[in-house]
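Undergrad: I'll drop the sequence and a predicted model, then ask my questions.
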Amino acid sequence: MHPRIENYALIGDEQTAALVGTDGSVDWLCLPRFDSGACFARLLGDEENGHWRIAPKGVQGPCTRRAYRPDTLVLDTEWETDEGAIRVTDLMPQRDRAPDVVRIVQGLRGRVTVRSTLRLRFDYGWVVPWMRRSDGHRVAIGGPDAVWFRSVPEVPTWGEDFGTHSQFTVAEGESVAFVMTWHPSHQSRPPLVDPWEALRVSVEDWQAWAARCRYDGPHRDAVVRSLITLKALTYVPTGGIVAALTTSLPEEPGGVRNWDYRYCWLRDSTLTLGALLAAGYQDEAEAWRNWLLRAVAGDPADLQIMYGLAGERRLPECELPWLSGFADSRPVRIGNGAVDQLQLDVYGEVMDSLSLARTAGMSPRPHMWSLQCALMKWLCENWRQPDEGLWEVRGGRRQFVHSKVMVWVAADRAVRALEEYPGLRGDLEGWRAMRDEVHREVCEKGYDPVRRTFTQYYGSRELDASLLLIPRVGFLPPDDPRVVGTVDAVREELGHGGLLRRYSTDGAAVDGLPGDEGTFLACSFWLADALHMTGRTNEARALFDRLVGLANDVGLLAEEYDPTAGRHLGNFPQAFSHIGLVNTALALFGDEGAG
């Protein structure tokens, strides 16, 4: 039986991260990067695909309680038993040379016998490594991967069923620490970390980072937790932020809507940049902007919707048939075939991000404007094409309204730059004319005057939650009747259990896929923003309160939520959802929350 997605907590070192279940099992970890092969893949299969569980002997169920230490990514999990109580503290210290997982078992009361079961399976649960002993360590080797495993003080281990097992007893005040360290198998073992020193430094570093948050309004704990989560999803060597930690967590249990989100999407760029800047994280915003500039450099015709952690362009999609999938949801995919799609909205998102960076006073880059001019030149010649749209549909290209609105954004930001910064040079009249033409076309072909709403694509009766962004990007003012009508129509037609779907999946779905999906949490945050902008702030705050309440017990949000079953769906934790939480909090409580 698979646990629920929301049963997991996140630990990480800003280059990769792990998911720890309420049962004390690390069920997902890719080493050495977010997008590397997993050495623990139980999340998408079973125990034989790799996991590491520490819990009281004989206890199979969930822990008694768990929580992050305040304003950190250090997780404490506690069990109460008839014999006593223990705490397991999990963390991944920021690495010097190699990634480490540190798990410290502490006796709180009585004497408790504890069992550790480590099953390493490299390459997404496919490769069983060769195990040997060396200097008090267990060493696992499998092709390019090597893992060193030790305990402090040393406790006996034995091999059984292709796993490494330990059993020991801790009394009140006693501790045993385990450290698992990865390195390339052709290199020597990295320096050993002191687990207790790693814990102390990790707590201090995370709390110092969280203290920089400028927001001090309602739900501050949720905002800080979301910012910590975004920081944890950042690949610090490059500044890229992955959309989620996982691949193939289903949008419908048992269905085929299972995608790899361990990459960096341009669609997130402006919202991410805005959240980081507004919350006081200038350095992280600069790193993300610089990643963006490096990733999109090149021929504008080759602009992609997503890139790898360092800006890699080839992300071929394939299936892993040996994994049964979370809740039997197949196929399990790695890579993402949507990378080859045409999505015109990304041109608008890049232009909007760089405009925001400029107005925020971020340090200029010499080639930034020339890159923007090249993007505009290509867009002027190609904006009339149909595309796959924001949601990466696989049902064929269409004239998506959101895509055209973002084309307008690109032209608008280019025009504004020339008007506000006299030192810049560009085709001012041409870009103005393009901006006006796109605006007219969207209002004529993308608006249904009978139903008083914009539609998903030209000539469609379908709606799309991305239409809620029309006032946010400045395409029309919030009090325009067409905006108000669109907000009402989207809420009425795409609402489900008080939350919002992206679009309808009934009948001949535009995405070309069978099955259904849950409500999309980022879109529900957009609805709160739109309600606020159209003067319905009380409704917006009530919706925001509910959305914050959907986070799991440690404050994490997945991509989607099923209001009927009351469970999270999709990849986890989802950057887009946490970005939405931060931005909506800033929008709703900006004045009272400014610090």
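TA: Happy to help now that I have it. Quantities reported herein were computed from a predicted structural model and do not represent experimental measurements.
Undergrad: okay, now the nearest residue to Ala243 once chain neighbours are set aside: neighbour count?
TA: Leaving aside its sequence neighbours, Ala243 sits nearest to Tyr261 (CB to CB, 6 or more residues apart in numbering; 4.1 Å). In this view, the C-beta of every residue, glycine as well, is placed from N, C-alpha and C. For Tyr261, the tally of surrounding residues (other CB atoms under 10 Å) stands at 25.
Undergrad: check contacts around Tyr261.
TA: 242-244, 246-247, 336, 559, 571, 574 (CB atoms under 8 Å, 6 or more residues apart in numbering).
Undergrad: Write a ChimeraX command that selects only the buried members of these.
TA: Remark: buried members of the contacts of Tyr261, expressed as a ChimeraX selection using 16 or more other CB atoms under 10 Å:
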select :242,243,244,246,247,336,559,571,574
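Undergrad: all helices for the stretch 451-595 of the chain, in order.
TA: 481-494, 521-533, 537-549, 575-593 (DSSP state H, counting those that start in this stretch).
Undergrad: so how far is the third one from its chain's centroid?
TA: Here helix 537-549 shows a centroid-to-chain-centroid distance of 22 Å under the convention CA atoms, centre = their mean, to the nearest Å.
Undergrad: what do you get for the second one?
TA: Its chain's C-alpha centre and that of helix 521-533 lie 18 Å apart, by CA atoms, centre = their mean.
Undergrad: ok, how many other residues are close to the residue nearest to Ala232 when sequence neighbours are not counted?
TA: Once flanking residues are discounted, Ala232 sits nearest to Gly12: 4.3 Å by CB to CB, 6+ apart. Neighbourhood size, Gly12 [other CB under 10 Å]: 23.
Undergrad: And Gly12, how far from Asp90?
TA: Separation of Gly12 from Asp90 (CB to CB, to the nearest Å): 11 Å.
Undergrad: Pull out the buried residues from the lengthiest strand in the chain.
TA: Longest strand in the chain by number of residues (criterion: DSSP state E): strand 100-119. Across strand 100-119, burial judged by 16+ other CB under 10 Å covers 100-108, 112, 114-119.
Undergrad: And the helices in the chain, which stretches?
TA: Using DSSP state H, the helices of the chain run over 122-125, 195-210, 220-232, 269-279, 282-296, 345-359, 368-382, 401-420, 428-445, 481-494, 521-533, 537-549, 575-593.
Undergrad: Please identify the most buried of the helices of the stretch 451-595 of the chain.
TA: Sort the helices of the stretch 451-595 of the chain by mean neighbour count, taking mean count of other CB atoms under 10 Å, and helix 521-533 sits at the top with a mean of 25.
Undergrad: what is the orientation angle of that one with helix 537-549?
TA: Computed by axes from the mean of the first three to the mean of the last three CA atoms, to 10 degrees, the angle separating helix 521-533 from helix 537-549 equals 160 degrees.
Undergrad: Mind exporting the C-alpha coordinates of helix 521-533 to CSV?
TA: The C-alpha trace of helix 521-533 is given here as CSV (Å, rounded to 0.1, in the frame of the first residue of the first chain):
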residue,chain,number,x,y,z
LEU,A,521,-3.2,24.8,-6.3
ALA,A,522,-1.3,27.6,-8.2
CYS,A,523,-4.5,28.4,-10.1
SER,A,524,-6.5,28.6,-6.8
PHE,A,525,-3.9,31.2,-5.6
TRP,A,526,-4.4,33.1,-8.8
LEU,A,527,-8.2,33.1,-8.1
ALA,A,528,-7.5,34.7,-4.7
ASP,A,529,-5.3,37.3,-6.4
ALA,A,530,-8.0,38.0,-9.0
LEU,A,531,-10.7,38.3,-6.4
HIS,A,532,-8.6,40.8,-4.5
MET,A,533,-7.8,42.8,-7.6
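Undergrad: hmm, who's touching it?
TA: 465-466, 468-469, 471-472, 478, 483, 487, 490-491, 494, 499-502, 537, 539-541, 543-544, 547, 550, 557-561, 574, 576-577, 579-581, 583-584, 587-588.
Undergrad: what about 6 Å?
TA: For helix 521-533, contacts defined as CB atoms under 6 Å, 6 or more residues apart in numbering pick out 465, 468, 471, 478, 487, 499-500, 502, 539-540, 543-544, 547, 557, 561, 576-577, 580, 584, 587-588.
Undergrad: what does stretch 52-68 give?
TA: 22-26, 75-81, 88, 103, 112-118, 554.
Undergrad: buried sites along it?
TA: For stretch 52-68, a neighbour-count test (16+ other CB under 10 Å) marks 52-56, 59, 62-63, 66, 68 as buried.
Undergrad: What's the end-to-end length of it?
TA: Stretch 52-68 has its terminal residues 19 Å apart, counting by CA to CA, to the nearest Å.
Undergrad: where does it sit relative to the chain's centre, distance-wise?
TA: With CA atoms, centre = their mean, you get 26 Å for stretch 52-68.
Undergrad: what's the answer for stretch 563-581, then?
TA: From the chain centre to the centre of stretch 563-581 is a distance of 9 Å (CA atoms, centre = their mean).
Undergrad: Likewise for stretch 212-225?
TA: 19 Å.
Undergrad: CA atoms only for it, dumped as PDB, please.
TA: Provided in PDB are the C-alpha atoms of stretch 212-225 (Å, rounded to 0.1, in the frame of the first residue of the first chain):
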ATOM      1  CA  ARG A 212      16.100  37.800   6.300                       C
ATOM      2  CA  CYS A 213      12.400  37.400   5.300                       C
ATOM      3  CA  ARG A 214      10.800  40.900   5.200                       C
ATOM      4  CA  TYR A 215       7.200  39.600   5.400                       C
ATOM      5  CA  ASP A 216       5.700  39.900   8.900                       C
ATOM      6  CA  GLY A 217       1.900  39.600   8.200                       C
ATOM      7  CA  PRO A 218      -0.700  36.900   8.700                       C
ATOM      8  CA  HIS A 219       0.400  33.300   8.000                       C
ATOM      9  CA  ARG A 220       4.000  34.300   8.300                       C
ATOM     10  CA  ASP A 221       5.000  30.700   9.300                       C
ATOM     11  CA  ALA A 222       3.500  29.400   6.000                       C
ATOM     12  CA  VAL A 223       5.200  32.100   4.000                       C
ATOM     13  CA  VAL A 224       8.600  31.400   5.600                       C
ATOM     14  CA  ARG A 225       8.100  27.600   5.100                       C
END
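Undergrad: Going by neighbour count, list what's buried in that stretch.
TA: Buried residues in stretch 212-225, counted by 16+ other CB under 10 Å: 213, 215, 217-219, 222-225.
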